[in-house]
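K.L.:
Provided below are the primary sequence and the corresponding predicted coordinates.
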Amino acid sequence: MKPSWVTAFLDSAPAHHQAGVGFWQAATGYAVSPPRGDHEEFATLLPPDGDAFVRVQRLHAGDDRIHLDLHVADPRAAADAAVVAGAVEVVDRHGYVVMASPAGLVFCFVDHPAAQVPRPTTHPDGSAARIRQVAIDVPRASYEREWGFWHALTGWEERASTITEDFRFLLPPAGQPLGLLLQRLGEDDGPARAHLDWGTTDRSAETERHLALGARVRAVHRHWTVLEDPVGRVYCLTDGNPG
């Protein structure tokens with residue numbers, strides 16, 4: 001059962017939630033929905049057009065992280081198939097199912113409908129940007145198994161990187177907002193983790209805009225810039241089509 005939509009969830013430690021949501025609201029230019037959930041722990045970043053694809057969660061405990069929601073017609077059936085492919089079921093919430101990939105990345109199966117990709121945000125200088133990809137960062141020892149899992153789970157087209165053999169892409173069908181990049185890390189073991197990649201038509205201008213909002217530059221590479229938000233969450237700005 002292939003996902004019809006992917007949502008990125010910014011999960012924040014309790015002490016980081018307010019600052020984290022404020023930064024990502026400002027960086028995306030999206031509105032924030034009223035909180036929901038038993039403890040008002042969930043909210044959605046609402047683009048001015050199209051369907052939402054970024055949400056936020058205040059964790060009860062634990063560190064900041066990214067998790068994915070995969071939108072499917074039948075979360076229970078999708079979870080059963082994912083277990084056969086190597087995932088671990090964490091809990092069935094009777095409406096959505098929480099899972100972990102073979103390398104330990106948390107994701108959920110949900111059945112919320114969504115179909116229209118928001119347009120990139122265009123700034124006064126004419127540049128445009130949008131979050132366009134989730135990078136799954138995987139230690140070397142578990143990389144091939146994790147790659148095979150996500151390839152099978154999504155059924156998306158594979159594309160090799162022209163920059164490094166440590167990057168491999170899964171390209172979503174037209175009409176979906178987020179692709180996947182699986183990055184092989186230098187470390188040998190440990191759990192997989194994830195970060196968000198933006199596409200931008202002017203990386204230098206976009207970097208300055210994020211710095212003004214409180215981000216910090218960690219590294220500048222030929223095709224991308226690594227930043228961290230005000231609570232230390234790593235993400236990247238890339239020279240890529242934000243559409």
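P.N.:
Perfect, thanks for sending it.
K.L.:
Direction included, what does the host helix or strand of residue 134 pair against?
P.N.:
Taking DSSP states H and E as the criterion, residue 134 maps to strand 128-138. Take DSSP bridges as the rule and strand 128-138 pairs in its sheet with strand 121-122 (antiparallel), strand 179-184 (parallel), strand 193-200 (antiparallel).
K.L.:
Name the residues of stretch 96-112 that are buried.
P.N.:
By neighbour count on 16 or more other CB atoms under 10 Å, the buried set for stretch 96-112 is 96-103, 105-110. Glycine gets a C-beta too; all of them are placed from N, C-alpha and C.
K.L.:
would CSV of those residues with pLDDT, distance to residue 18 and secondary structure be doable?
P.N.:
Output for the buried residues of stretch 96-112, formatted as CSV (pLDDT from 0 to 100; distance: CB to CB, whole Å; DSSP: H, G, I helix; E, B strand; the rest coil):
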residue, pLDDT, distance to residue 18, secondary structure
96, 96, 25, coil
97, 98, 29, strand
98, 98, 24, strand
99, 98, 28, strand
100, 99, 27, strand
101, 99, 29, coil
102, 98, 34, coil
103, 98, 31, coil
105, 98, 25, coil
106, 98, 22, strand
107, 99, 25, strand
108, 98, 23, strand
109, 98, 29, strand
110, 98, 25, strand
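K.L.:
Looking at the residues you listed, which is nearest residue 143?
P.N.:
Nearest to residue 143 among the buried residues of stretch 96-112 is residue 103, at 8.0 Å by CB to CB.
K.L.:
you'd agree the closest one is up against residue 139?
P.N.:
Yes - contact criterion CB atoms under 8 Å: residue 103 and residue 139 qualify, at 7.3 Å.
K.L.:
Need the overlap of contacts for these two.
P.N.:
Common neighbours of residue 103 and residue 139, using CB atoms under 8 Å, 6 or more residues apart in numbering, are 191-192.
K.L.:
CA atoms only for stretch 32-44 - export them in CSV, please.
P.N.:
Written as CSV, here are the backbone C-alpha positions of stretch 32-44 (Å, rounded to 0.1, in the frame of the first residue of the first chain):
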residue,chain,number,x,y,z
VAL,A,32,-0.3,27.7,12.8
SER,A,33,-3.6,25.9,13.4
PRO,A,34,-5.2,25.8,16.9
PRO,A,35,-3.6,23.1,19.0
ARG,A,36,-5.3,19.7,19.2
GLY,A,37,-4.8,16.4,20.9
ASP,A,38,-5.5,15.2,24.5
HIS,A,39,-2.8,17.5,25.8
GLU,A,40,-3.0,20.1,22.9
GLU,A,41,0.3,18.7,21.8
PHE,A,42,-0.3,18.8,18.0
ALA,A,43,-0.7,21.6,15.5
THR,A,44,-0.4,22.1,11.7
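K.L.:
now that stretch, how far from the chain's geometric center?
P.N.:
19 Å (CA atoms, centre = their mean, to the nearest Å).
K.L.:
mean confidence score for it?
P.N.:
On average, the pLDDT along stretch 32-44 is 95.
K.L.:
Might you list the low-confidence residue ranges for the protein?
P.N.:
Along the chain, the model assigns pLDDT under 70 to no residue.
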